[in-house]
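Asks: Just a sequence and a predicted model for now, questions to come.
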Amino acid sequence: MVIVVIIAALIALAFSYMNGMNDAANAIATVVATKALSPKKAVWWAGIWIFLSCLVFFVIPPYVAETMGRGIVQECKIDHFVILSALLGAVLWTWVCTHFGLPISASHALIGGLIGPVWFVYGADYLVTSGIYQILLFIVLSPLIGMVLGFVLHCLSLFLLRNSRPKVTDRVLRKMQLFSSALFSFSFGLNDGQKTMGIVAVLLSAALAAQPDNAVLQVLYNVQPGQFVPYWLMITSYLLISMGTIIGGWKVIKTLGSGLTRVTPITGFCSEISGSATLIITAILGIPVSTTHTVTGAIIGTGLTKGVKSVKWLTAKSIISAWVLTIPATIVVSGLIYKLMVLCGAPIIP
């Protein structure tokens, strides 16, 4: 059992790395598109701020991690085989979409991956419907909030800078993008960085409950009373997602940086600030939203200030299609993987 638990935990940590690769675009696409930073400097800038965001959880609890671990499926139906199935389904879907340059939500792939095994084998009664409804609601709300904030902030910025010389404005805003991209990277870490560590934490917790005398599990899940995520897991998860960001998913960066609308320093700054505000609020509320959805909505919102035709709706349509398919696709893939495991002898949870 311990070996399977460790394998599942390692796959989960690999998923953190892949999440960073796909979602690296969220943090640096606009700053690269406007040439405020070179690609190499941008990925390091984003990676550092993503990692630093984990320091917040030494002060406040990681609410998003708790939602991921306890707010989607009931803990009584979670074991290492369920988690392993969830991770394999999510990793497979994320890799395919990253390969084809589609900025999907890796976190929603993980959510679908969790739902599939429990639903397919134990039934809908063991799903936490309130948590799932909240996530589904914010699939719609997070890009809309980003879009509205991006549109309003861009309009306000254009009004305040209406008498400024364009060359001076661009030069100043490129410098301000260092702040906005750092803030977005930090807020990205606040939300996305918690998701995988929540899955690993509930995996270790369930395994230790099943084998309370196992010395290896006692070391791996050594937490203080009231603590959900061990500190080693927190630091490791953030280190890996930062490394994934530094490696970067360059096809995705190209799609978000220039595939939706023409990005300028002012639109880049406004979209990053708008996305950051949405992500910080939802992280405090413990809602696992998609950073990809949020920043894409913000980029579209800034583009809409120049008219509907300024947005490349064909690209937006392909991105939205990937969003819509993500949870159903990973539900099916992970559910089938778990059913196959059960047929091959994996134990049914009583």
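Replies: Done, it's in.
Asks: would you say N222 is within a helix?
Replies: No - applying DSSP: H, G, I helix; E, B strand; the rest coil, one finds N222 to be coil, outside a helix.
Asks: check contacts around the closest residue in space to S237 that isn't next to it in sequence.
Replies: Nearest residue to S237 in three dimensions, chain neighbours excluded: M197, at 4.1 Å (CB to CB, 6 or more residues apart in numbering). From N, CA and C alone the C-beta is placed, and that goes for glycine too. With contacts defined as CB atoms under 8 Å, 6 or more residues apart in numbering, the neighbours of M197 are S16, P62, A65, V229, L233, M234, S237.
Asks: Contacts only, for the second one.
Replies: With contact taken as CB under 8 Å, 6+ apart, P62 is in contact with Q194, M197, G198, F228, V229, M234.
Asks: tell me which element the fourth one is part of?
Replies: What it means is F228. For F228, there is no host helix or strand (DSSP states H and E).
Asks: The contacts of P62 into a markdown table, with extra columns for pLDDT?
Replies: A markdown table is the format used below for the contacts of P62 (pLDDT from 0 to 100):
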| residue | pLDDT |
| --- | --- |
| Q194 | 87 |
| M197 | 87 |
| G198 | 88 |
| F228 | 89 |
| V229 | 91 |
| M234 | 92 |
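Asks: Using a markdown table, please lay out those residues together with distance to T302.
Replies: Converted to a markdown table, these look like this (distance: CB to CB, whole Å):
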| residue | distance to T302 |
| --- | --- |
| Q194 | 27 |
| M197 | 32 |
| G198 | 32 |
| F228 | 37 |
| V229 | 35 |
| M234 | 34 |
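Asks: Among those residues, name the buried ones.
Replies: The neighbour-count test (16 or more other CB atoms under 10 Å) applied to those identifies Q194, M197, G198, F228, V229, M234 as buried.
Asks: for those, which one is nearest S130?
Replies: Using CB to CB, G198 comes nearest to S130 of the buried ones among the contacts of P62, at 16.8 Å.
Asks: Isn't that closest one up against P61?
Replies: No - at 11.3 Å, G198 and P61 do not qualify as touching, with contact defined as CB atoms under 8 Å.
Asks: Give the residues shared as contacts by these two.
Replies: Common contacts of G198 and P61, defined by CB under 8 Å, 6+ apart, comprise F228.
Asks: pLDDT below threshold where in the stretch 201-350 of the chain?
Replies: 248-263, 308-323 (pLDDT under 70).
Asks: which residue ranges form the helices in it?
Replies: In the stretch 201-350 of the chain, the helices defined using DSSP state H, counting those that start in this stretch lie at 215-220, 231-247, 250-258, 265-285, 291-304, 313-343.
Asks: Deepest-packed of these, please.
Replies: Per residue and on average, the most neighbours among the helices of the stretch 201-350 of the chain fall to helix 291-304, with a mean of 29 (mean count of other CB atoms under 10 Å).
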